[in-house]
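K.L.:
sharing a model prediction with you, sequence too.
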Amino acid sequence: MHNVAALVADAALFVLFPWILWRITNRALPIAVLPILVGILMAVWHVPVKTLGIPSIYGNDIGWVAVLVLAFTAGLEMWQQPAGTLASDELPAPTLGRLIGGAFVALGGPFIIGSIFALTYLLPLPGWHPPHATPLIAAASIGLCIAVSALPVLIGVVRELKPAQKPLGQLALKLAVIDDATLWVGLAVLQFAARGSAALHGWTGLEGLAVLLLIALAAGGNWASRHLRNPPSWLIWVTVPVYLAAGSWASMQLGLHELIGAYFAGAIMPPSWARRLPIAQVGTFSLIWLAPMFFGHSGLKIDGDALTWPSVIASLALVAVSIVTKIAAVCIFPPTKGLTLRQSLSVGALLQCKGLMEIVAATILHAQGMLSEFAFASLMILAVISTTLTGPLFKLVAPRKKTT
């Protein structure tokens, strides 16, 4: 009974209360940001929420499963085109090579500059160096969080754009899909690099089984894409939890985070199958009603004493580096030829949104000991500020409507 009461208190604090704020403020802030803010404030003010059983055992489990589902749907959304897409001749169609090149510049520029900034200016500060990572790994972890673009949040943002602005939003989404996949690869590479030669030592039959399982999932998805494009609906729904559970388990056995396996499990599902799933509805339900407990608990994990004025100043510096480098990268190498300056600035403004992806990435890296308490606190604030600024920043730089 105590666990049930704790779950009710958990849901009231991190689900119901943020949802009420979200509706009262006319959705001014993304729903993923509000429970984090609540958790951060609880940690900073040292509110004794543990006396209420928060974070609750059931709330932890529910929030965790919800975020696994969000990661899985993010992988599925690689093959989706958001509702409301309009054909438009306003933007030149990008070639595949140019699009991929633009995505890697938009991700690589902020990553390199952010890593150098962290290595040079942040890690020498007291409390910024993590206990279980080298300076290069720690700097690269911060740089990767700075370079992230929030695909799930951007999908929602693009749905709310005016018809004339949607082509810019669609272009930003194409870049974000590539960047999002690269993020998960980068997280896996960083975790392997942090473990060094120990990553391959002590492997047992389970690790070998995990590798074979991932190969089997990918091969099965490829075969189904070519030979079983329109299966009965029940087969798709039975396959979804199998892929999700198998991908998560395999990545965990390989010493990686379960969310990485969940994402790639979604990405290797047959595209024709994925298009028949209510991805947006499932993702929205998880985001609003289940995952906020994960986000709120992430905010609670912040060391309230680490969130000092120097941390806030460092967060603002990270915000400046993140926004400037992302927008500059898009302007230096636009994803398609013929973009005006305002169009490039608009795409960059959308891509600088951190949202859910940075929150998840920072949580993974912090749990693996690759981010210090100070860095984790600053990156959570960066995610909140960056996501909040996306809408106003886009409106500021978006192309003006021509008047006659």
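P.N.:
The structure has been received and is ready for your questions. Numbers count the residues shown, from 1 in each chain.

K.L.:
contact partners for residue 370?
P.N.:
If you count contacts by Cβ atoms under 8 Å, 6 or more residues apart in numbering, residue 370 has them with 130, 132-133, 137-138, 141, 190-191, 194. All C-beta spots, glycine's among them, are computed from the backbone N, C-alpha and C.

K.L.:
tabulate those in CSV, adding columns for secondary structure.
P.N.:
CSV is the format used below for these (DSSP: H, G, I helix; E, B strand; the rest coil):
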residue, secondary structure
130, coil
132, coil
133, coil
137, helix
138, helix
141, helix
190, helix
191, helix
194, helix
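
K.L.:
now these: which count as buried?
P.N.:
130, 133, 137-138, 141, 190-191, 194 (16 or more other Cβ atoms under 10 Å).

K.L.:
turn the residues you listed into a markdown table, columns for distance to residue 222.
P.N.:
Listed next are the buried ones among the contacts of residue 370 as a markdown table, based on distance: Cβ to Cβ, whole Å:
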| residue | distance to residue 222 |
| --- | --- |
| 130 | 39 |
| 133 | 36 |
| 137 | 34 |
| 138 | 37 |
| 141 | 33 |
| 190 | 28 |
| 191 | 26 |
| 194 | 31 |
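
K.L.:
element containing residue 272?
P.N.:
helix 271-274 (DSSP states H and E).

K.L.:
give me the mean pLDDT for that helix.
P.N.:
Averaged over helix 271-274, pLDDT sits at 91.

K.L.:
tell me the buried residues in it?
P.N.:
271-274.

K.L.:
any stretches of the protein with poor pLDDT?
P.N.:
Low-confidence segments of the chain, defined by pLDDT under 70: 1, 78-90, 152-153, 155-156, 159-160, 196-203, 255, 402-404.

K.L.:
can I get the buried residues of helix 271-274 in a markdown table including distance to residue 302?
P.N.:
Below are those laid out as a markdown table (distance: Cβ to Cβ, whole Å):
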| residue | distance to residue 302 |
| --- | --- |
| 271 | 39 |
| 272 | 43 |
| 273 | 39 |
| 274 | 35 |
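
K.L.:
nearest to residue 213, of those?
P.N.:
Of all the buried residues of helix 271-274, residue 273 has the smallest distance to residue 213: 18.7 Å, by Cβ to Cβ.

K.L.:
ok now do that closest one, which residues does it touch?
P.N.:
Applying Cβ under 8 Å, 6+ apart, the residues contacting residue 273 are 224, 231, 236, 239.

K.L.:
so where does the residue nearest the centre of the chain fall, helix or strand?
P.N.:
Closest to where the C-alpha atoms of the chain average out (Cα atoms, centre = their mean) is residue 357, at 1.0 Å. Secondary structure assigned from DSSP H and E places residue 357 in helix 355-367.

K.L.:
which strands and helices sit next to that helix?
P.N.:
Applying 3 or more Cβ pairs under 8 Å, 6 or more residues apart in numbering; DSSP states H and E, one finds that helix 355-367 contacts helix 57-76, helix 135-147, helix 151-159, helix 166-195, helix 258-267, helix 292-300, helix 373-397.

K.L.:
mind running it again at 6 Å?
P.N.:
If contacts are counted by 3 or more Cβ pairs under 6 Å, 6 or more residues apart in numbering; DSSP states H and E, helix 355-367 sits against helix 135-147, helix 151-159, helix 373-397.

K.L.:
will you turn those helices into CSV that also has distance to residue 101?
P.N.:
Below are these laid out as CSV (distance: least, Cβ to Cβ, whole Å):
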stretch, distance to residue 101
helix 135-147, 16
helix 151-159, 19
helix 373-397, 23
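
K.L.:
would you point to the one among these that's packed deepest?
P.N.:
Of the helices and strands packed on helix 355-367, the one with the most neighbours on average (mean count of other Cβ atoms under 10 Å) is helix 135-147, at a mean of 25.

K.L.:
could you dump it to CSV, C-alpha only?
P.N.:
Extracted C-alpha coordinates of helix 135-147, given in CSV (Å, rounded to 0.1, in the frame of the first residue of the first chain):
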residue,chain,number,x,y,z
PRO,A,135,39.7,14.5,-19.7
LEU,A,136,39.2,13.7,-23.4
ILE,A,137,36.3,11.4,-22.7
ALA,A,138,34.7,13.9,-20.3
ALA,A,139,35.2,16.8,-22.8
ALA,A,140,33.7,14.7,-25.7
SER,A,141,30.7,13.8,-23.5
ILE,A,142,30.0,17.4,-22.9
GLY,A,143,30.6,18.2,-26.6
LEU,A,144,28.2,15.5,-27.7
CYS,A,145,25.4,16.9,-25.4
ILE,A,146,26.1,20.4,-26.8
ALA,A,147,25.8,19.1,-30.4
